[in-house]
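Chemist: fold the following, please.
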Amino acid sequence: MRDAFLALLRCPFCGTCLAPVENHALARTADAISSGVLGCECCAFPVVDGIPVLIADDTSRAAIADLEAGRLDQARERLLGLEPERVAPFRALLARGSEATYREFIAVLSPDAEGTYFVYRFSDPTFVMADGVLRGLAQNPAATGRWVIDVCGGSGHLTRTLIQMQQAAISGGPGVVLADMFFAKLWLAARITAPSCHPVCCNGNDPLPFDRDAFSMAVLSDAFPYIWHKRLLAEELMRLTGPGGLVVMPHLHSALGENFSPGMPLTPAAYAALFAPLGPRLFRDRDLLAPILDREGFDLTQSMTPDAIGDEPSLTLIASGDASVFREYQVPGGADVAGSLIVNPLYQVSRRPGGSTLTLTFPTLEYADEFGGCRRYLPDSLEVCADLTGVLDPATLAVALGGEFARLRRARVLIDVPRRYC
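Modeler: Numbering: from 1, shown residues only. Have a look, this model is predicted:
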């Protein structure tokens with residue numbers, strides 16, 4: 001945790017600044033803290049592996065005791081929520097260093113349906129739509145001029161997009177913050193998915209632990225329907241971005257539509273009312289996804305009223321006091337591979353003479369029910385005139401496949417993932 005980021009933090013309860021407690025638990029370099037304890041005027045909070053845990057509960061208090069007793073490994077495992085039978089597999093992965101992958105870690109840290117969701121996140125329809133919207137918005141200086149935050153951002157899939165768009169922007173701000181209440185997700189993001197992010201562990205049902213008007217954009221994708229204190233969180237997002245900032249909320253489940261895992265959704269009118277001070281605009285998810293898939297760009301001047309949204313299952317809300325945000329955007333394409341190029345893990349790959357056969361295979365029936373919409377761009381099977389069974393070199397494949405290479409990338413058959421992802 002760098003000192004510049006520490007200056008951004010505030011206690012979620014008393015609102016005062018945080019500072020490191022100068023004791024033997026503190027481990028730091030000239031400008032960053034790797035572990036220790038932070039204090040404000042009312043609380044103390046642990047920092048483990050550079051991640052401040054700004055939650056006041058029994059787990060964080062026990063982690064502080066671990067740190068002050070010199071038990072850093074125990075503090076980490078406590079915050080990761082490791083059950084006894086998962087400690088040994090986790091330590092074995094940790095001992096492998098840079099050889100251990102995201103997929104291997106997630107199998108230990110989240111051996112459930114959510115872990116499955118994260119492994120295949122980079123090509124599901126909700127991610128493709130949100131990723132396209134954010135990459136388009138990056139063309140507007142209003143989106144990236146200051147800090148950017150991904151709230152309830154999980155293990156950092158969209159955070160990676162935000163980092164890339166801020167780095168590409170001429171007016172790029174100081175960095176991207178990833179906020180989530182689960183330490184394990186943040187730990188994976190900081191280690192593999194989005195290693196240059198600034199992670200902070202906090203609860204979206206509490207006041208957010210940041211200075212006011214510090215962010216040019218706040219993104220909250222997929223998670224808002226699962227938040228109980230929606231009114232508080234909406235006010236917090238507007239506080240963090242200020243009147244000229246931007247709040248982007250892709251894939252809000254509607255209470256008037258059918259969703260696979262709805263959470264506690266509101267109606268489109270209720271979502272809009274929460275952000276009334278910023279003049280929110282509403283868009284049907286399918287109206288944004290279609291032009292993003294077709295590389296036609298998308299038009300934020302064509303918002304819809306809540307009544308026009310009707311019983312659409314999901315929608316996107318974008319709110320800002322800056323009218324320049326609401327215009328037409330192009331969707332950038334053909335970017336260089338930033339991490340590793342792999343065959344989408346939803347495909348089984350078999351070698352054949354002269355090439356490879358790819359077969360779309362969903363991990364579970366539940367996943368197929370919820371994210372089967374990816375069939376719009378992922379074919380059930382295809383033949384590729386190249387060997388895709390080993391490590392893929394983008395330059396070599398681009399030459400071997402010609403124009404087919406770009407098509408396979410646009411279709412998410414070949415995807416750009418963080419190094420050590422699968």
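Chemist: got a list of contacts for the one helix or strand residue 133 maps to?
Modeler: Using DSSP states H and E, residue 133 falls within helix 125-137. By Cβ atoms under 8 Å, 6 or more residues apart in numbering, the surrounding residues in contact with helix 125-137 are 121, 143, 157-158, 161-162, 165, 217, 219, 221-222, 246, 248, 250-251, 285, 288-289, 292-293, 297-298, 314, 316, 325, 329-332, 371, 373-374, 376-377, 412. The C-beta positions use only the backbone N, C-alpha and C, and glycine is treated the same way.
Chemist: run the chain-centre distance for that helix.
Modeler: Relative to its parent chain, helix 125-137 has a centroid offset of 11 Å by Cα atoms, centre = their mean, to the nearest Å.
Chemist: of the contacts of helix 125-137, grab the buried ones for ChimeraX.
Modeler: The ChimeraX selection below is limited to those of these classed as buried (16 or more other Cβ atoms under 10 Å):
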select :121,143,157,158,161,162,165,217,219,221,222,246,248,250,251,285,288,289,292,293,298,314,316,325,329,331,332,371,374,377,412
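Chemist: picking that back up, quick one: buried residues of the helix or strand just after the helix holding residue 133?
Modeler: Past helix 125-137, further along toward the C-terminus, the next helix or strand under DSSP H and E is helix 141-144. For helix 141-144, the neighbour count (16+ other Cβ under 10 Å) marks 142, 143, 144 as buried.
Chemist: how much space between residue 400 and residue 384?
Modeler: Taking Cβ to Cβ, to the nearest Å as the measure, residue 400 falls 10 Å from residue 384.
Chemist: wait, residue 86
Modeler: 38 Å.
Chemist: more neighbours: those two, which one.
Modeler: Neighbour count, other Cβ atoms under 10 Å: between residue 86 and residue 384, residue 384 has more, with 22 against 16.
Chemist: give the bridge partners for the more buried one, please.
Modeler: Judged by DSSP bridges, the bridge partners of residue 384 are residue 356.
Chemist: ok, for residue 51, nearest residue in space, not its chain neighbours?
Modeler: residue 199 (4.8 Å; Cβ to Cβ, 6 or more residues apart in numbering).
Chemist: now swap in residue 46 and tell me
Modeler: Per Cβ to Cβ, 6+ apart, closest to residue 46 is residue 63, 4.2 Å.
Chemist: circling back to that earlier point, now the buried residues of helix 141-144 as TSV including pLDDT and distance to residue 40?
Modeler: Supplementary listing: those in TSV, determined by pLDDT from 0 to 100; distance: Cβ to Cβ, whole Å:
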residue	pLDDT	distance to residue 40
142	80	32
143	85	31
144	82	30
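Chemist: the residue nearest to residue 46 in helix, strand or coil?
Modeler: helix (DSSP: H, G, I helix; E, B strand; the rest coil).
Chemist: distance of it from residue 246?
Modeler: 35 Å.
Chemist: do residue 322 as well
Modeler: 7 Å.
Chemist: find the least confident helix or strand in the protein, judged by mean pLDDT.
Modeler: Confidence across the helices and strands of the chain bottoms out at helix 141-144, with a mean of 82, counting by mean pLDDT, DSSP states H and E.
Chemist: given the helix or strand just after that helix, what are its sheet partners and their directions?
Modeler: Once the chain leaves helix 141-144, the next helix or strand it forms, by DSSP H and E, is strand 147-151. Paired neighbours of strand 147-151 in the sheet (DSSP bridges): strand 176-180 (parallel), strand 215-219 (parallel).
Chemist: what does strand 147-151 contact?
Modeler: Applying Cβ under 8 Å, 6+ apart, the set of residues contacting strand 147-151 is 8, 156, 158-159, 162, 166, 173-179, 197, 204, 208, 210, 214-221, 223, 233, 237, 240.
Chemist: wait, residue 327 sits on residue 297?
Modeler: No - with contact defined as Cβ atoms under 8 Å, residue 327 does not count as touching residue 297 (10.3 Å).
Chemist: with mean pLDDT and distance to residue 339 added, can I get the strands paired with strand 147-151 in a markdown table?
Modeler: Below are those laid out as a markdown table (pLDDT from 0 to 100; distance: least, Cβ to Cβ, whole Å):
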| stretch | mean pLDDT | distance to residue 339 |
| --- | --- | --- |
| strand 176-180 | 98 | 16 |
| strand 215-219 | 96 | 20 |
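Chemist: save those as CSV, and put in distance to residue 337 too.
Modeler: Formatted as CSV, those follow (distance: least, Cβ to Cβ, whole Å):
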stretch, distance to residue 337
strand 176-180, 20
strand 215-219, 23
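Chemist: out of the ones you listed, nearest to residue 14?
Modeler: Proximity to residue 14, assessed across these by Cβ to Cβ, is greatest for strand 176-180 (18.7 Å).
Chemist: return the set of buried residues in the next helix or strand after that closest one.
Modeler: Using DSSP H and E, the next helix or strand after strand 176-180 towards the C-terminus is helix 183-188. Counting neighbours by 16+ other Cβ under 10 Å, one finds that the buried residues in helix 183-188 are 183, 184, 185, 186, 187, 188.
Chemist: and helix 183-188, what other elements does it pack with?
Modeler: strand 51-52, helix 72-79, helix 102-109, strand 198-201 (3 or more Cβ pairs under 8 Å, 6 or more residues apart in numbering; DSSP states H and E).
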